[in-house]
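Novice: coordinates only, sequence not included:
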């Protein structure tokens, strides 16, 4: 059951006393428009997100599978300054990124969120590149 948010939000309408979490461990088919999304093929790839105050952190799982970097696949945005999420601040604000990533990881463990742990063996990077090239050609042809 949910809780009432009456009196618990700050002046932006966000919860002042807690984080909000999203978890979407799947692919979501892309739109025909590819100019305003992170990915040419999908609206989103497997991801978890935490929002606390002005900060929003995305953790893209497939970007982390082949990397030993702790902030691989992590994007951090200050929504007060950048509501369109166009300037990834993870490398400039590593302390905030690590804190939010730790909170997100603890939440994932607490709710037993399913997280991909190995690459899809059927993934064909050449096919993906061909599909992206095809989309970009169609976009250029429409101009």
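Specialist: On my side now, so go ahead. Source: prediction; values computed, not measured. Numbers count the residues shown, from 1 in each chain.

Novice: Specify the beta-bridge partners of residue 52.
Specialist: On the basis of DSSP bridges, residue 52 is bridged to residue 55.

Novice: Now do the helices in this structure.
Specialist: Assigned by DSSP state H, the helices in the chain fall at 61-64, 94-110, 125-142.

Novice: quick one, which of these is nearest to residue 49?
Specialist: Nearest of those to residue 49, taken as CB to CB: helix 94-110 at 7.7 Å. All C-beta atoms are positioned from the backbone trio N, CA, C, and that covers glycine.

Novice: Pull out the buried positions in the helix or strand bottoming out on mean pLDDT in the chain.
Specialist: Counting by mean pLDDT, DSSP states H and E, the chain has its least confident helix or strand at strand 42-44, which shows a mean of 72. With burial defined by 16 or more other CB atoms under 10 Å, the residues of strand 42-44 counted as buried are residue 44.

Novice: Run me through the strand neighbours of that strand, direction for each.
Specialist: Sheet pairing of strand 42-44 (DSSP bridges) gives strand 28-29 (antiparallel).

Novice: Skip the chain neighbours and tell me the closest residue to the spatially most central residue of the chain.
Specialist: For the chain, residue 58 is the residue whose C-alpha lies nearest the centre (CA atoms, centre = their mean; 3.3 Å). If the residues on either side of it in the chain are set aside, residue 58 comes closest to residue 75, at 4.3 Å by CB to CB, 6 or more residues apart in numbering.

Novice: quick one: the one you found and residue 124, what's the gap?
Specialist: Distance of residue 75 to residue 124, computed by CB to CB, to the nearest Å: 26 Å.

Novice: With neighbour numbers in mind, choose between the two.
Specialist: Shown here are residue 75 and residue 124; by other CB atoms under 10 Å, residue 75 has more neighbours (20 against 10).

Novice: gap between the more buried one and residue 89?
Specialist: Look at residue 75 and residue 89: by CB to CB, they are 8 Å apart.
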